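J.: need coordinates for the following:
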Amino acid sequence: MYTSAYLNAVVEQTNTFADWVHGKDAAAPVPTCPKWALAELVDHVGATQRMVAMLVGERMSEPSKAFAGYVPAPTDSAQWRAWLTDGAADAKQAFDSVAEDTPVWDPSGAAAGVPFWSRRLFGEACVHRADAAAAVGTRYELAPELAVGAIEDWLDTMTSRGYWENRPDFADAMRGSGQTLHFHATDAPGEWLVRREPDMVVLERAHTKADVAVRGPAAELLLVLSRRRPLDAAPTLEVLGDRALFVNWIEHMDWVTD
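T.: Model (predicted):
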């Protein structure tokens, strides 16, 4: 997927999210993010999209102005739909105004800029729509090709140099001596190999033997990797090899609930 495709999907995913949460109880708990009520989930999604739109649209080389420009969600849930859809539209407009190689700050440590942020907003929209589904009690579905894109975002972000350097707890837990995890989507093209090294986590797109292999439908794989669904509640996933290695990986995917 490229920037334009990611942003089209961001708009679609956010519009569905907005329809689900419109007029709902702001204090409703979000089971998949236990520290959040629905109002906080809505605020996070919409405010993040607006901050990224500012970063990209104004071609910022450092983030302080965008972070300082945080725009909170309306307190009245009857205003959420318009606020969310407007934010997604603003984000698409900002990305439409730049090129793939336009210099923009990003936290990956790889100067990934515009492509990083387009994929990040897409991954956020996919995963947080699952949170909204859990909060309002509706069914979550995601096309396999989109789920593969969201897994790609999740794994690339979690294995980035920037994440390793900024989350020492994650780095300490993930230091290894070559242990490998293989993730394989069975309903759309998507395979990833993660290798734990002493000073980083290496991500490859490859089909190879690993210490543990996890395979199944892409949407289910995404939900388990992102801690939106417990492994024991995902019967369509097949885990081959060192299950404890995979469980340890999942247990340290705590970025989304902070």
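
J.: point out where the protein drops to low pLDDT.
T.: 1, 254-258 (pLDDT under 70).

J.: if you count residues, where's the longest helix of it?
T.: Scanning the chain for the helix with the most residues, using DSSP state H, yields helix 113-136.

J.: can you list the helices and strands that that one packs against?
T.: helix 3-21, helix 38-57, helix 80-96, helix 144-158, helix 218-225 (3 or more Cβ pairs under 8 Å, 6 or more residues apart in numbering; DSSP states H and E). In this view, the C-beta of every residue, glycine as well, is placed from N, C-alpha and C.

J.: now do the first one and helix 113-136, the angle between them.
T.: Here helix 3-21 runs at an angle of 20 degrees relative to helix 113-136 (axes from the mean of the first three to the mean of the last three Cα atoms, to 10 degrees).

J.: tell me what angle helix 3-21 forms with helix 144-158.
T.: Using the same axes, to 10 degrees: helix 3-21 against helix 144-158 is 100 degrees.

J.: and stretch 219-232, how far apart are its ends?
T.: 15 Å (Cα to Cα, to the nearest Å).

J.: give me the buried positions along that stretch.
T.: Applying a neighbour-count criterion of 16 or more other Cβ atoms under 10 Å, one finds A219, E220, L221, L222, L223, V224, L225, S226, R227, R228, R229, L231 buried in stretch 219-232.

J.: surely the fifth one and A233 touch.
T.: No. L223 is not in contact with A233 according to Cβ atoms under 8 Å; the separation is 9.1 Å.

J.: my read: V201 touches T159, true?
T.: Yes. Counting by Cβ under 8 Å, V201 touches T159, with 4.3 Å between them.

J.: possible to save the helices and strands packed on helix 113-136 as CSV with distance to V104?
T.: CSV is the format used below for the helices and strands packed on helix 113-136 (distance: least, Cβ to Cβ, whole Å):
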stretch, distance to V104
helix 3-21, 11
helix 38-57, 5
helix 80-96, 10
helix 144-158, 16
helix 218-225, 26
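
J.: ok, which of those comes nearest A133?
T.: Across the helices and strands packed on helix 113-136, A133 has its closest neighbour in helix 3-21 (6.9 Å, Cβ to Cβ).

J.: what's that closest one packed up against?
T.: In terms of contacts (3+ Cβ pairs under 8 Å, 6+ apart), helix 3-21 is packed against helix 38-57, helix 80-96, helix 113-136, helix 144-158.

J.: and the second one, what does it pack against?
T.: Contact here means 3+ Cβ pairs under 8 Å, 6+ apart; on that basis helix 80-96 packs against helix 3-21, helix 38-57, helix 113-136.

J.: buried residues, the shortest one. List them.
T.: Using 16+ other Cβ under 10 Å as the test for burial, helix 3-21 gives 3, 6-7, 9-11, 13-18, 20-21.

J.: try the second one
T.: Along helix 38-57, the positions that meet the burial threshold by neighbour count (16+ other Cβ under 10 Å) are 38-39, 41-57.

J.: what's P74 in contact with, if anything?
T.: W80, W83 (Cβ atoms under 8 Å, 6 or more residues apart in numbering).

J.: what helix or strand is it on?
T.: Element membership of P74, judged by DSSP states H and E, is empty: it is in no helix or strand.

J.: which residues touch the residue nearest to L225 when sequence neighbours are not counted?
T.: The spatial neighbour of L225 that comes closest, neighbours along the chain excluded (Cβ to Cβ, 6 or more residues apart in numbering), is W154 at 5.8 Å. Taking Cβ under 8 Å, 6+ apart, we find W154 in contact with G123, V127, L222, L225, S226.
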